[in-house]
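S.K.: This is a predicted model, with the sequence first.
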Amino acid sequence: MLQEEIVLVDLEDREIGTAEKLEAHQRGDLHRAFSVMIWDSHGRLLLQRRHIGKYHSGGLWTNSCCGHPRPGEPSGDAALRRLKEEMGFSCQLAPIGTFTYRAELGGGLIEHELVHIFRGHYEDAIVPNPKECDGFSWSSPAVIRRQIATAPQCFSAWFRKYVDAGWPISPPVEIAQ
């Protein structure tokens, strides 16, 4: 795994420093992250199956794209960059809020993130990067909730927390109508 610096923050999302990504996850440092939710015109959310070789949560289903902004990189720019790198496409993204959580992942790793959440709409071909993603699926919120209820171990810790909170796992109003 390449060394990557991430941005440490306080509970108000003020930068307090940087840390190497793996070390931050080993210590459980609160850090800035982003998650992207891509919807289609049928009110389905794009899910990705994380590459099995990822250092944590490999092989699990999760939201469309997620990651960490680099030091000095705005979260929206990072979300656009990683969406293209992971899923092979770009689309307009709109910020919809933040979500803070902490989850023990096993293997001595802890996710403790203040997550900037973005959503977008996309209808064209998806060609995910096989080094990032082992598959993708379009699913309705109702199907996602049922799948998590019956097989929670198949989904990332953060995505389960989003669904448990009831937010932001619903299509944008303009799509839902």
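M.R.: Looks like it came in fine. Residues are numbered from 1 along each chain as shown.
S.K.: middle-most residue in the chain, spatially?
M.R.: Ranked by distance to the mean C-alpha position of the chain (C-alpha atoms, centre = their mean), the top residue is Cys66 at 3.0 Å.
S.K.: And for Thr18, the neighbour number?
M.R.: Residues near Thr18, counting by other C-beta atoms under 10 Å, number 15. (Each C-beta comes from the backbone N, C-alpha and C, glycine too.)
S.K.: gap between Pro71 and His56?
M.R.: As judged by C-beta to C-beta, to the nearest Å, Pro71 and His56 stand 21 Å apart.
S.K.: re earlier: now the residue nearest to the centre of the chain, what's its secondary structure?
M.R.: Three-state call for Cys66 (DSSP: H, G, I helix; E, B strand; the rest coil): strand.
S.K.: Arg160 now?
M.R.: Relying on three-state DSSP, one would call Arg160 helix.
S.K.: Any idea how many residues pack against Asp10?
M.R.: Neighbours around Asp10, by other C-beta under 10 Å: 10.
S.K.: and it, what does it touch?
M.R.: Ile16, Leu30 (C-beta atoms under 8 Å, 6 or more residues apart in numbering).
S.K.: Check Gly53 too.
M.R.: Lys131.
S.K.: Next: Cys91.
M.R.: Contacts of Cys91 (C-beta under 8 Å, 6+ apart): Ile38, Leu83, Gly120, His121, Tyr122.
S.K.: any idea how far it lies from Glu123?
M.R.: Cys91 sits 9 Å away from Glu123, going by C-beta to C-beta.
S.K.: cool, and Gly28?
M.R.: Gly28 is 39 Å from Glu123, where distance means C-beta to C-beta.
S.K.: where exactly do the strands run in this protein?
M.R.: All strands of the chain, identified by DSSP state E, fall at 5-9, 15-20, 31-39, 45-50, 61-62, 65-67, 93-106, 109-121, 133-139.
S.K.: what's the closest of the ones you listed to Asp164?
M.R.: Smallest distance to Asp164 across the strands of the chain (C-beta to C-beta): 9.8 Å, for strand 93-106.
S.K.: any idea how far stretch 106-115 is from the chain center?
M.R.: Distance, stretch centre to chain centre, for stretch 106-115: 13 Å (C-alpha atoms, centre = their mean, to the nearest Å).
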